[in-house]
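>>> Test case, fold it:
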Amino acid sequence: MVIYGAGGLTQRQQARLLLARAAKEQWGLSPLPALEQGPHGKPFFSGLDGFEFNLTHSGSLALCALSREPVGVDIQLVKSWRPGLPRRVCSDQELDWVEQGTDRWERFSQLWALKECLVKLHGTGLTRPISGIRVPLPETDGSLLEQDGIWFRTYCGEGWRGAACGLEKPPESIRWIIL
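Have a look, this model is predicted:
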C-alpha cells in the first residue's frame with residue numbers, strides 16, 4: 001500500500017488529479033482508466049482487477065491510497081464540531097477515549113477518520129449508525145493498529161487527522177506531492 005497526499009487544493013475535482021498522478025507513478029496507468037462506482041459510491045477502475053484505490057478530501061487537502069487489495073482512506077480537518085455530535089456517533093468506550101485527551105476535537109476527528117476509512121474499505125457507505133462501527137483506538141499519533149485482520153494506521157498534521165486501512169499494513173508516511 002502507498003498513500004499520496006496533496007495540499008493547496010481549491011476544487012474537489014483536484015483529488016482526481018492526485019489519483020491520476022499516483023496511478024501513473026505506482027502502476028504506469030496513463031491515462032487514468034475509466035472510473036465506475038459501486039452500489040454505495042465506492043469508486044473503482046472499470047475492468048481492472050487488482051488495482052485498488054480510495055480517495056478522500058477535506059478542505060484543501062486530499063489523500064489517495066493505492067493497493068493490490070481493498071483499501072480505505074480518510075482525512076478530516078480538525079474543527080469544532082457540534083457539541084452533541086460525539087455523544088451521537090461514539091460508543092461509550094469511544095466517547096471516553098475522545099474525552100481523555102487534551103483536545104477532544106483532534107481525537108474526535110481522528111476517530112471519525114478511522115471509522116470513515118473502514119466504511120470506505122468495505123464500500124458499504126454509512127448504511128448503519130456510525131456509533132456501531134467499531135475501530136481500534138490509537139494510543140499515539142501514527143499508530144499501527146489491527147482489528148479482525150484489517151490493518152489501520154493513523155496520520156496527523158497541523159489542523160488535520162487521517163487514517164488508512166487495508167489487508168496489508170499502511171505505510172508509516174504519506175508521499176506528499178504538489179499538483
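>>> After the lowest-mean-pLDDT helix or strand in the chain, heading C-terminal, what element do we hit next?
Ranked by mean pLDDT, DSSP states H and E, the helix or strand of the chain with the weakest confidence is helix 85-89, at a mean of 92. Next in sequence after helix 85-89, counting helices and strands by DSSP states H and E, comes helix 92-100.
>>> Please identify the buried residues of the next helix or strand along the chain from that following helix?
Proceeding N to C from helix 92-100, the next assigned helix or strand is helix 104-122, under DSSP H and E. For helix 104-122, burial by neighbour count (16 or more other C-beta atoms under 10 Å) applies to 104-121. From N, CA and C alone the C-beta is placed, and that goes for glycine too.
>>> Give me the contacts around the least confident helix or strand of the chain.
95, 98, 104, 108, 112, 115, 129-131 (C-beta atoms under 8 Å, 6 or more residues apart in numbering).
>>> Which pair in those residues has the greatest spatial separation?
Between any two of the contacts of helix 85-89, the greatest separation by C-beta to C-beta is 20.6 Å, found for R104 and P129.
>>> Grab the nearest non-local neighbour of V135.
In this structure, V135 finds its nearest non-sequential neighbour in L114, 4.2 Å apart by C-beta to C-beta, 6 or more residues apart in numbering.
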